[in-house]
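> Following is a predicted model, sequence given first.
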Amino acid sequence: MFIPLYDTNRLRHIRLQYVTIALILANALVYCATALGGENFTNAAVLGLGFIPSVVHDTAELDPRFIVIPESLSYLTYSFLHADIFHLGGNMLFLWVFGDNVEDALGHIRYLIFYLLCAIAGAAFQGLIAWDSQVPLIGASGAIAGVVVAYLILYPRVKVWVLAFARIPLRIPAFIPLLLWVLFQIVMFAAGGEDQISWACHIGGIIAGAVLVLVLRSRGVPLFAGADEEAAPADQPAIAVDPAVNEPIAAQPVPRWGRGSAPAPTEPIE
């Protein structure tokens, strides 16, 4: 449907999206480790670390050779495994484009909790829908779905660059592609489309993300925020008006160091 490329949404409360970067690195490292281990190692990792509803619900038993963790931990470990480089790349691209601003709105620790809970919710909903399934669930899509819907709720009017139909570059408000993406997940889940994709996992992540972002966002972070104001030219500092004296005062120049830069916070970071 669309490929996200970049958003014009600066960081406001954090200087760098440490957790988002760490999650991307963790997913990439796990993929490299499993891919380099060969097909047998990859299959063993999928069976041992993937989420298998029938095993978790004790309606089937996993071969003892593949038991490497307690069954309950697979609610999380499945989300760090990916089937191929395209599966990994697609999920990590969404996380890179949208995760930093969600992390900014929640704070580092609460964002990590948010991400992991969305992953758990994705697996739980998949397990609820396919209680006796013996097919392993892998991929970060449940967590990514939570990040996407959180961004949609927090910043629907921020402009994003996307490739529509994987070839047409467009700069449009975030609510257009993200709302279409959410609706597409719902339609495909209701229609039972494409067995190799767990639409139920996506739905579980969407539900969790929509609820958790309301609870975990930092104090003072608004919902449904608009786009940032246009930056002043580099050689002309922005002008702010002090309402007490109704006189213009020079504001600090806009930082020029990319998405990781933000003004010094006026309140402790939560």
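Ah, there it is. Numbering: from 1, shown residues only.
> What helix or strand is residue 162 located in?
Assigned by DSSP states H and E, residue 162 falls within strand 159-164.
> which helices and strands does whatever helix or strand comes next after that strand pack with?
Beyond strand 159-164 in the direction of the C-terminus, DSSP H and E gives the next helix or strand as strand 168-173. Where contact means 3 or more C-beta pairs under 8 Å, 6 or more residues apart in numbering; DSSP states H and E, strand 168-173 is packed against strand 159-164. Quick note: C-beta positions are derived from backbone N, CA and C, even for glycine.
> Quick one: distance of the strand it packs on to the chain centre.
17 Å (C-alpha atoms, centre = their mean, to the nearest Å).
> helices or strands up against that strand?
Strand 159-164 packs on strand 2-7, strand 168-173, helix 175-191, going by 3+ C-beta pairs under 8 Å, 6+ apart.
> Put together CSV for those, with distance to residue 151 on each row.
Formatted as CSV, the helices and strands packed on strand 159-164 follow (distance: least, C-beta to C-beta, whole Å):
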stretch, distance to residue 151
strand 2-7, 8
strand 168-173, 12
helix 175-191, 7
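> out of those, nearest to residue 130?
The minimum distance between residue 130 and these falls on helix 175-191, with 11.9 Å, by C-beta to C-beta.
> Could you check how far the closest one is from the centre of its chain?
Averaging C-alpha positions (C-alpha atoms, centre = their mean) puts helix 175-191 16 Å from its chain's average.
> Likewise for stretch 24-32?
For stretch 24-32, the distance to the chain centre is 15 Å (C-alpha atoms, centre = their mean).
> what's next to that stretch, contact-wise?
80-82, 85, 88, 91-92, 95-96, 140 (C-beta atoms under 8 Å, 6 or more residues apart in numbering).
> among these, which ones are buried?
Restricting the contacts of stretch 24-32 to buried positions leaves 80-82, 88, 91-92, 95-96, 140, with burial counted as 16 or more other C-beta atoms under 10 Å.
> Out of those, which two are the most distant from each other?
Across these, the longest distance by C-beta to C-beta is 18.9 Å; it joins 81 and 96.
> quick one: the helices in the stretch 1-150 of the chain?
Secondary structure of the stretch 1-150 of the chain (DSSP state H, counting those that start in this stretch): helices located at 18-36, 39-49, 53-56, 74-77, 85-106, 108-129, 141-154.
> related to what we said a few turns ago, could you export the buried ones among the contacts of stretch 24-32 to CSV, including columns for pLDDT?
CSV is the format used below for the buried ones among the contacts of stretch 24-32 (pLDDT from 0 to 100):
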residue, pLDDT
80, 98
81, 97
82, 97
88, 97
91, 97
92, 98
95, 98
96, 97
140, 97
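> which residues pair with the residue lying closest to residue 5 once chain neighbours are set aside across the strands?
Nearest non-adjacent residue to residue 5, counting by C-beta to C-beta, 6 or more residues apart in numbering: residue 161, 4.2 Å away. Under DSSP bridges, the beta-bridge partners of residue 161 are residue 6, residue 171.
> Counting neighbours, what do you get for residue 161?
15 (other C-beta atoms under 10 Å).
> Assess the claim that it and residue 168 are in contact.
No - contact between residue 161 and residue 168 fails when scored by C-beta atoms under 8 Å: they sit 11.2 Å apart.
> what about the stretch 1-150 of the chain, any weak spots by pLDDT?
Along the stretch 1-150 of the chain, the model assigns pLDDT under 70 to no residue.
> Show me the contact partners of the strand holding residue 162.
Applying C-beta under 8 Å, 6+ apart, the contact partners of strand 159-164 are 1-8, 97, 169-174, 177, 227.
> Could you do stretch 33-52 as well?
In contact with stretch 33-52 (C-beta under 8 Å, 6+ apart) are residues 60, 62-63, 65-69, 74-75, 77-78, 80-81, 123, 126-127, 133-138.
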